[in-house]
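# Pasting the sequence and the predicted model now:
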Amino acid sequence: MFPVFCPFLAPFKGSVARSTNFWCMTIFCLCNTTHRSHSNSDSTGLLYAEAMSLPTIWVFGDQLNRGIGALATATPLTHRVLFIESAAKISSQKWHIQRAHFIVASMRKFAHELRSAGFQVDYRMVKSMGQGIKEHVREFAPSEIVATEPNSYASRLLAHDLGVRTVSSNQFLCHPSEYQGFLGARKSIKMEDFYRWQRKRLNVLMDGSEPTGDRWNFDDENRQPPPKTGHDRWPVPALYELDEVDEQVLAAVQSHCFGKLPVGQWATTREGALERLQFFIERVLPVFGEHEDAMLKSNWHLAHSLLSPYLNNGLLLPREVVEAAQSAFREGKVPLNSAEGFIRQIIGWREYIWNCYWQWMPDYAHMNALSADVDLPPMFTNPSKTSMACMKSVLSGVNERSYSHHIERLMVLGNFALIAGVNPQQLTRWMWNSYIDAAEWVMVPNVIGMSQYADGGMLATKPYASGGAYIDRMSDHCKGCVYDRKKRTGDDACPFTVLYWDFFLRHQERFVKNPRVARQVRAAQQLQDRDELQVVAVSMMKKLNKGAL
Ligand SMILES: Cc1cc2nc3c(=O)[nH]c(=O)nc-3n(C[C@H](O)[C@H](O)[C@H](O)COP(=O)(O)OP(=O)(O)OC[C@H]3O[C@@H](n4cnc5c(N)ncnc54)[C@H](O)[C@@H]3O)c2cc1C
Ligand code: SF4
């Protein structure tokens with residue numbers, strides 16, 4: 001038995017190939033030749049499939065749903081199904097074990113579901129995708145191989161190069177061709193405009209032509225700091241028991257991975273994902289809104305949905321998630337600020353990011369507008385290498401569960417990397433390897449654009465830089481930290497505070513022209529202790545690189 005990571009770079013030439021060797025993971029392909037199961041060979045479907053030169057549907061590892069694209073209309077009588085596992089690259093990088101397990105186990109279980117439904121499934125374990133296709137053709141002589149439009153740029157090129165026909169994907173609510181209609185002649189693009197366009201177009205939370213409740217946005221109600229007490233008030237996510245498939249996958253991938261073993265926090269089947277959706281809608285969504293931006297060291301989930309892994313690998317579809325949230329609101333079970341706040345994430349942010357990806361790739365992933373060239377600090381791979389309470393807590397959480405919520409990603413890890421000048425491609429790679437829900441289409445715009453301003457402002461109108469004061473207001477990390485979030489100089493000066501001011505001084509020429517942050521630049525320029533602060537910043541960077549900050 002061999003694990004399954006798909007290095008489908010080999011067939012690529014030139015810049016795309018060079019740039020994508022850590023992106024191909026959108027297709028963790030599953031195949032185990034010893035597992036090529038004909039267990040339901042007595043089914044009519046299989047006999048028919050074997051007798052006829054049927055077309056084959058090649059299912060990628062992030063398209064695990066009977067409702068997606070080519071699979072939506074397929075039956076065991078009309079199609080057979082192919083999964084390809086390419087193992088050559090597994091040892092090229094270290095992956096978080098929960099991420100590797102989630103992707104591979106989900107694929108194996110989905111393939112099993114298809115077999116149980118009567119499909120003939122060809123699992124293929126090979127060195128490259130190209131080899132997988134070649135061997136499949138030799139053995140089955142399909143009339144054609146068809147795939148749903150893959151979700152990454154490199155996979156689309158690959159499918160094209162391999163002569164695979166692709167059909168339009170319905171995995172997202174706004175296809176890039178529809179997004180063109182939104183872009184029209186617009187000179188500037190704002191997420192808020194896109195979101196309202198989506199609300200109207202999809203008729204979500206609308207009363208006629210007006211937004212339900214006469215408001216589009218409840219952000220002012222949804223950005224409260226954490227409550228002072230009751231830090232365990234949010235329902236605790238359920239765990240499921242790992243089964244034999246999970247154990248087999250873990251044994252297979254373990255030697256190439258880091259991080260804590262899974263304990264059942266991430267479901268790996270459609271049934272499990274639907275249970276998580278139901279749990280979220282019934283128990284958590286009613287309180288989703290108010291503390292959406294809060295962070296707590298003692299609570300890793302708060303009211304976050306934890307649904308991104310399933311949305312990203314296909315176990316859940318965005319339409320059903322949005323419909324469930326809207327129905328709960330219409331039935332009076334969820335307040336409007338929570339329903340709107342959640343739906344905004346799904347039909348707004350998620351779909352916006354998806355379309356930014358297709359609009360700007362492939363060059364986008366390589367952008368580094370601020371010339372940030374500091375190597376990823378040791379604390380990212382070893383949280384014991386920092387005394388910063390906030391960073392240690394979030395990084396330890398990633399190690400423990402392959403997850404941290406949005407504000408921790410943006411305002412702790414991303415913010416710190418931004419103000420410390422960490423290379424954005426190194427940060428992308430680390431996040432790509434570490435997060436349960438990582439996928440190129442969502443990771444790259446969120447890191448390069450939203451969190452690192454490495455695109456020079458194409459996605460975000462200002463850099464998301466903030467100092468210790470923000471973290472103190474929105475979390476409970478600062479109390480008990482060895483650093484003092486108010487101090488800019490001295491041994492216990494807070495690295496967030498020091499590097500925040502230093503960032504605006506380093507980039508003052510660029511940002512003084514940006515009306516959204518010009519005030520911060522001018523405040524930095526007027527600091528009395530500016531020179532001393534910059535000396536402290538230099539010594540902090542030395543400590544950071546040594547793993548001693
Ligand atoms: C630096 C950085 C890296 C990120 N990397 C990823 C990634 O690899 N994969 C990923 O799915 N999300 C990523 N995000 C977006 C967001 O942080 C996660 O989607 C979210 O934390 C997932 O947890 P949740 O399901 O509990 O989200 P919730 O807070 O419950 O939000 C609901 C859903 O909204 C969607 N969503 C919210 N914000 C975004 C966003 N900015 N972009 C896309 N979808 C969004 C997600 O599907 C999420 O499941 C990243 C954000 C940042 C700042
Ligand atoms: S004092 Fe600074 S380093 Fe410590 S937890 Fe607060 S923001 Fe983080």
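Good, I have the coordinates. Keep in mind that this is a model prediction, so the values were computed, not measured. Residues are numbered from 1 along each chain as shown. Ligands and ions are numbered 1, 2, ... in the order given.
# Those residues of the stretch 401-549 of the chain touching ligand 2, which are they?
Proximity of the stretch 401-549 of the chain to ligand 2 (CB under 6 Å from any ligand atom) is limited to residues Gly468, Ile471, Asp472, His477, Cys478, Cys481, Tyr483, Arg485, Cys494, Pro495, Phe496. Glycine gets a C-beta too; all of them are placed from N, C-alpha and C.
# Now, the residues you listed that are in strands?
Assignment to strands by DSSP state E places none of those there.
# Which two of these have the greatest separation?
Largest separation among those by CB to CB: Asp472 and Pro495, giving 13.4 Å.
# If you count surrounding residues, which of those two has more?
A side-by-side neighbour count of Asp472 and Pro495, using other CB atoms under 10 Å, places Pro495 first with 27 against 20.
# Next up, the contacts around the nearest residue to Leu395 once chain neighbours are set aside.
Sequence neighbours aside, Pro383 is the residue nearest to Leu395 in space, at 4.0 Å (criterion: CB to CB, 6 or more residues apart in numbering). Contact partners of Pro383, counting by CB atoms under 8 Å, 6 or more residues apart in numbering, are Met391, Lys392, Leu395, Ser396, Asn399.
# Also Thr386?
Counted by CB under 8 Å, 6+ apart, Thr386 has contacts Pro377, Met379, Lys392, Leu395, Gly547, Leu549.
# Please repeat the previous calculation with a cut-off of 10 Å.
377-380, 392, 395, 416, 495, 543-544, 547-549 (CB atoms under 10 Å, 6 or more residues apart in numbering).
# do Gly414 as well
Taking CB under 10 Å, 6+ apart, one finds 406-408, 422, 424, 427, 431, 446-447, 450-453, 464-465 in contact with Gly414.
# Three-state assignment for it, please.
helix (DSSP: H, G, I helix; E, B strand; the rest coil).
# Over to the one 4 residues further on?
Going by three-state DSSP, the secondary structure assigned to Leu418 is helix.
# I'd like the distance between it and Val146.
42 Å (CB to CB, to the nearest Å).
# So which of the two has more stuff around it?
Neighbour count, other CB under 10 Å: between Leu418 and Val146, Leu418 has more, with 25 against 21.
# can the contacts of Pro383 go into JSON lines with extra columns for pLDDT?
Shown next, in JSON lines, are the contacts of Pro383 (pLDDT from 0 to 100):
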{"residue": "Met391", "pLDDT": "98"}
{"residue": "Lys392", "pLDDT": "98"}
{"residue": "Leu395", "pLDDT": "98"}
{"residue": "Ser396", "pLDDT": "98"}
{"residue": "Asn399", "pLDDT": "98"}
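# Buried only: go through those for me.
Among these, those buried by neighbour count (16 or more other CB atoms under 10 Å) are Met391, Lys392, Leu395, Ser396, Asn399.
# Out of those, flag the one nearest to ligand 2.
Met391 (6.6 Å; CB to the nearest ligand atom).
# Any chance of the backbone angles for the closest one?
phi -70, psi -40 (degrees, to the nearest 10).
# For the nearest residue to Asn382 once chain neighbours are set aside, which residues are in contact?
Excluding its sequence neighbours, the residue lying closest to Asn382 (CB to CB, 6+ apart) is Gly547, at 7.0 Å. By CB under 10 Å, 6+ apart, the contact set of Gly547 is Pro377, Pro378, Met379, Phe380, Thr381, Asn382, Ser384, Lys385, Thr386.
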